[in-house]
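Student: okay, predicted coordinates and the sequence, questions at the end:
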Amino acid sequence: MGGLDCLLTQSANHASRQRSDKLSLDIDIIAMIATILKHQGLPEQEIRHSSTLYDEGIGLDSLCVAELSAMLEKTYGRDPYTSKQLPMTVQDIVDFYGGG
Amino acid sequence: MKVVVVSGGSRGLGVKIVESFLERDYRVASCSRLRTKQIVDWEQAFPERFYYQEMDLTDNAACKRFVRNVERTLGDIDILVNNAGMANSSLLALESDESIDQVVDLNLKGAIILSREVSRSMLLRHWGRIIHISSITGQIGFRGLSVYCASKAGLDGFTRALARELGARKITVNAVAPGYLTTEMTGELNQEQILQIVRRTPLGRLGEPEDVIGLIQFLASEQADFITGQVLVVDGGLGC
């Protein structure tokens, strides 16, 4: 394989890895929220990127948010809530980790 | 095997608390400003299940690092005993800014920061015990210890509020308020003051650290599942 082909292949692999990492990040974050809801005995619901995290949306209360914050920090080493940010949607959390 | 953190475990009541958990096969972590001989002995006797860090509990970032180090070394923390404390005996009118800051930062703020860090992982496991070592002086006051008394009264209020916050996740928060114990802290009282305390105590003596240990062990156990937000006084009846 020539040098240019090799570079193109590496670039394609890198992009594919990034897509895969992003997908995995999305899935993991949604799974965390689903786990918290399950622990609270709340009915299963579809969690979308655009879902609002609180009140009329997914309905996380303040203690659930504290739990999510701790879970995110434990998994990724930092979390938006203790970084003085207030994500409103699932996508906002994904974006915080650069997955947007 | 549960993991317990005891702040200020290098002297006084803290030594007895650490000892009582080690005797019951817990994995124990502690921190204080100075590594005493007792700490070195424990490090040698229990290398697998005793962790110690020399640190300043008034340093928020150091508290955070300490909790992460304990989690890495011993595992997730199940029980926190906020024991570290100090008292500077002086009339308030003569007390310096530095002295007031020292007492409030260690006795109250240090306990709050440690509780915050530990409660985050307790939230994930839906179980935990937070036990504050308060003092009867937080309820009845003591001349020359106004800042210390204020810090302990603050701890009592913190206990009740935090119990309300964390109860839904089966994390209990209680405080033990000893009366006057035969530890270094009462060593600063003169003979006349000690005799006065003994005369006013229905059980007729100063308390021993062991008088408090039983209650701490009980509060840390599964048997105390339904007790939270309480400040339990162990003072031989002094305040009754």
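Tutor: Right, received. Where do you want to start?
Student: so residue B:125 is in contact with residue B:77, correct?
Tutor: No - contact criterion C-beta atoms under 8 Å: residue B:125 and residue B:77 do not qualify, at 9.5 Å. Quick note: C-beta positions are derived from backbone N, CA and C, even for glycine.
Student: so between these two, which is more surrounded?
Tutor: Per other C-beta atoms under 10 Å in any protein chain shown, whichever of residue B:125 and residue B:77 has more neighbours is residue B:77, with 26 against 14.
Student: dump the residue contacts of that one.
Tutor: B:3, B:4, B:5, B:29, B:67, B:70, B:71, B:118, B:121, B:122, B:128 (C-beta atoms under 8 Å, 6 or more residues apart in numbering or on different chains).
Student: ok, how many other residues are close to the second one?
Tutor: The burial count assigned to residue B:4 is 27, neighbours taken as other C-beta under 10 Å.
Student: residue B:128 versus that one, what's the distance?
Tutor: As for residue B:4, its distance to residue B:128 is 11 Å (criterion: C-beta to C-beta, to the nearest Å).
Student: and for those two, which residues touch both?
Tutor: Each of B:77, B:78, B:79, B:80 lies in contact with both residue B:4 and residue B:128 under the rule C-beta under 8 Å, 6+ apart.
Student: follow-up on the earlier one: out of the contacts of residue B:77, which touch chain A?
Tutor: residue B:121 (C-beta under 8 Å from any C-beta of the partner chain).
Student: among the contacts of residue B:77, which has the minimum pLDDT value?
Tutor: Across the contacts of residue B:77, the smallest pLDDT goes to residue B:121, namely 94.
Student: so that residue makes contact with residue A:74?
Tutor: Yes - between residue B:121 and residue A:74 there is a contact at 7.1 Å, judged by C-beta under 8 Å.
Student: lowest average confidence, helix or strand, in the chain?
Tutor: If you meant another chain, say so; for now it's chain A. Every helix and strand of chain A was ranked by mean pLDDT, DSSP states H and E. The lowest is helix A:3-39, at a mean of 74.
Student: not quite, I wanted chain B
Tutor: Per mean pLDDT, DSSP H and E, bottom of the list for chain B is helix B:191-200, a mean of 90.
Student: roughly how far out does it sit from the chain middle?
Tutor: In terms of C-alpha atoms, centre = their mean, to the nearest Å, the centre of helix B:191-200 is found 25 Å from the chain centre.
Student: assign residue B:232 to helix, strand or coil.
Tutor: strand (DSSP: H, G, I helix; E, B strand; the rest coil).
Student: can you tell me the closest non-neighbouring residue to it?
Tutor: Closest residue in space to residue B:232, ignoring its immediate chain neighbours: residue B:176 at 5.5 Å, by C-beta to C-beta, 6 or more residues apart in numbering or on different chains.
Student: pretty sure that neighbour sits in a strand.
Tutor: Yes - counting by three-state DSSP, residue B:176 is found in a strand.
Student: next, count neighbours for it.
Tutor: Residue B:176: 25 neighbours (other C-beta under 10 Å).
Student: element containing residue B:131?
Tutor: Taking DSSP states H and E as the criterion, residue B:131 maps to strand B:128-133.
Student: for residue B:237, same thing?
Tutor: Short version, using DSSP H and E: residue B:237 is in no helix or strand.
Student: equivalent analysis for residue B:155, please.
Tutor: Element membership of residue B:155 [criterion: DSSP H and E] is helix B:146-166.
Student: which strands and helices sit next to that helix?
Tutor: In terms of contacts (3 or more C-beta pairs under 8 Å, 6 or more residues apart in numbering or on different chains; DSSP states H and E), helix B:146-166 is packed against helix B:97-104, helix B:110-125, strand B:128-133, helix B:137-140, strand B:171-178, strand B:231-234.
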